[in-house]
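In: test case, fold it:
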Amino acid sequence: MLGKGRIAAALALALVSAGFTAPAPAAAAVSRSELALRWAPIHYQDVDATGSHALGGKSDYITRIDFDGDLNGRNNWDRAAQSGVSFSAAAYYSVAETSTHWFVTYFFFHPRDWVDHPFFETEHENDGEGVQLAIEKNGSTYGVLRSAVTVAHTSFYSYTPSGSTWTNGRETIDGTLQLQSSPHDDFQHPVTAQETQGHGLKAYPQYKINGDGIVYYPAAEGETPSSTNDRDVKYELIDIFTAGGMWSQRANTNLFASLGTFAGDTSGDCGVGTYSCGTNSANAPWGWDDPDDLPGRGEIATNPAKLNAEYFTIPGDNNRTYTYNPYTAETAALKKAAETAPPIED
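Out: Model (predicted):
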C-alpha cells in the first residue's frame, strides 16, 4: 500500500502531466508600516537661508515633533535656534482601511512657520501640513495608487496619477500626481513638494525647489541634511499611533492647546521684524480643515473614505465601511470638538 506522501506525490505528478499546475501559495498580507513606506512621497523641500528667522535654512527642514528632546510645543521656536538639537528628517503616518481601499495620511512637521519681511503675514511656532493617498486594492501586494489630497495652509488640493480611473467629484482635480524612482528602493513613489517659510504642500511641480533645497526619500532611518542644498536625504516614517506617539499625546496640554491644534506661543523673536506672531496656529492631521469644502475638520485623516468619495468620482466597488480605522473610536469626540473650536491661523 502506498503511503500518504507517495500518494500525494503521485497525484501531483499526474496533474502536471495532464497540464495542471498547483496554485502559488497566498502572499502574506502587507503590514501597514510596509504599505506606508512603499507609497511614502519623494518630497521636495524648498529652502530659504536668508533672514534671522530662517536659521540658515534649518527652519525649512522637516523633522520630528520632539526634535529638541521634549514634547513641549511652546519652546520649539526658541529651541530650533539652539545648537545640538536634531534636524534628522522624519514624517508621520496613519493608515485606514476598507475592503476595497487603503488610505495613508502623511504629516510633515517644521518647528517654525516663518517670514522674512514686515508686511501683512503672520509667522508662528510649529507647522504641520501633509498629504493623504488613496490606494485601491487590486490583488497585488501594495495595490494601485489612485489619488492624493494635499494640505496647503487651510486649503486642500486634489490630484490623480496618470492612468487613474478616478475623475472629478464635488471638487475639481487640481493636477497630475507625478511618480518618480527612488535610489533607495525599487519603487516609483508619488512626488510632493513644500514651499519655503509657510510650508504649503502640493504635488510637485506646483511647488518646487527654487535655488537651495532638499530632496527627501523615504527610508528605514532618517538623516540630517548636509547643507541647504542636499538632494538625497533619507527620512524615517513614524506611526502616529505608536505607543507614546503623537496620537497618545493628544491630551498633553504642553504639546496641544486643543484637540488637533499644537500649542505655540510668542516667545523669543517670533513676530519680531515681521507683521505678527500667531499662537496655537498649527494642526495635526485630525485638525486639518478646508472650511470651503464639505468634509469636516480632521476627516481627511479620520474619515478618508468619506473625503475621497466627496472629492472624486470613484468607479467600481467603493466600500466606505472600515475594516481598520484607528481614529474611529474618537470620531464623535473630534466632531463635537470641531463644532466649538475657534478658527485656526495657518
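In: could you use CA atoms for every contact and neighbour count after this?
Out: Noted.
In: number of nearby residues for Ala263?
Out: 24 (other CA atoms under 10 Å).
In: make sure it is actually in contact with Arg250.
Out: No - if you go by CA atoms under 8 Å, Ala263 and Arg250 don't touch, sitting 10.9 Å apart.
In: now for these two: what residues contact both?
Out: Counting by CA atoms under 8 Å, 6 or more residues apart in numbering, the contacts common to Ala263 and Arg250 are Phe256.
In: ok, the closest residue to Val47 other than its chain neighbours - how many residues close by?
Out: The shortest distance from Val47 to any residue other than its chain neighbours is 4.7 Å, reached at Gly213 (CA to CA, 6 or more residues apart in numbering). Look at Gly213: counted by other CA under 10 Å, it has 26 neighbours.
In: tell me the secondary structure of the closest residue in space to Ala148 that isn't next to it in sequence, please.
Out: Nearest non-adjacent residue to Ala148, counting by CA to CA, 6+ apart: Leu133, 4.5 Å away. Assigned state for Leu133: strand (three-state reduction, DSSP: H, G, I helix; E, B strand; the rest coil).
In: use 49 as the first number for this chain going forward.
Out: Sure, I'll start counting at 49 from here, so that last one is Leu181.
In: Leu181 and Pro333: what is the separation?
Out: 13 Å (CA to CA, to the nearest Å).
In: contacting residues around the residue nearest the centre of the chain?
Out: Taking CA atoms, centre = their mean as the criterion, Tyr154 is the residue nearest the geometric centre of the chain, at 1.1 Å. Neighbour list for Tyr154: 88, 139-142, 178-180 [criterion: CA under 8 Å, 6+ apart].
In: could you pick out which of those are located in strands?
Out: 139-142, 178-180 (DSSP state E).
In: any chance of the residues you listed in CSV, plus neighbour count?
Out: Shown next, in CSV, are the ones in strands among the contacts of Tyr154 (neighbours: other CA atoms under 10 Å):
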residue, neighbour count
Ala139, 23
Tyr140, 23
Tyr141, 24
Ser142, 25
Gly178, 28
Val179, 27
Gln180, 24
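In: now render the residues you listed as JSON lines, adding pLDDT and distance to Gly321.
Out: Listed next are the ones in strands among the contacts of Tyr154 as JSON lines, based on pLDDT from 0 to 100; distance: CA to CA, whole Å:
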{"residue": "Ala139", "pLDDT": "98", "distance to Gly321": "31"}
{"residue": "Tyr140", "pLDDT": "98", "distance to Gly321": "32"}
{"residue": "Tyr141", "pLDDT": "98", "distance to Gly321": "35"}
{"residue": "Ser142", "pLDDT": "98", "distance to Gly321": "38"}
{"residue": "Gly178", "pLDDT": "98", "distance to Gly321": "28"}
{"residue": "Val179", "pLDDT": "98", "distance to Gly321": "32"}
{"residue": "Gln180", "pLDDT": "98", "distance to Gly321": "35"}
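In: between those, which is nearest Pro273?
Out: Ala139 (14.6 Å; CA to CA).
In: before we move on, back to that, look up how far Pro238 lies from the residue nearest to Val95.
Out: 18 Å.
In: pretty sure the residue nearest to Ala196 contacts Leu193?
Out: Yes - counting by CA under 8 Å, Leu193 is a contact partner of Leu181 at 7.4 Å.
In: looking at these two, which has the bigger crowd around it?
Out: Leu181 (28 against 23).
In: what's that one in contact with, if anything?
Out: 151-153, 193-197.
In: in the sheet, who's paired with it?
Out: Beta bridges link Leu181 to Val152, Ala196, judged by DSSP bridges.
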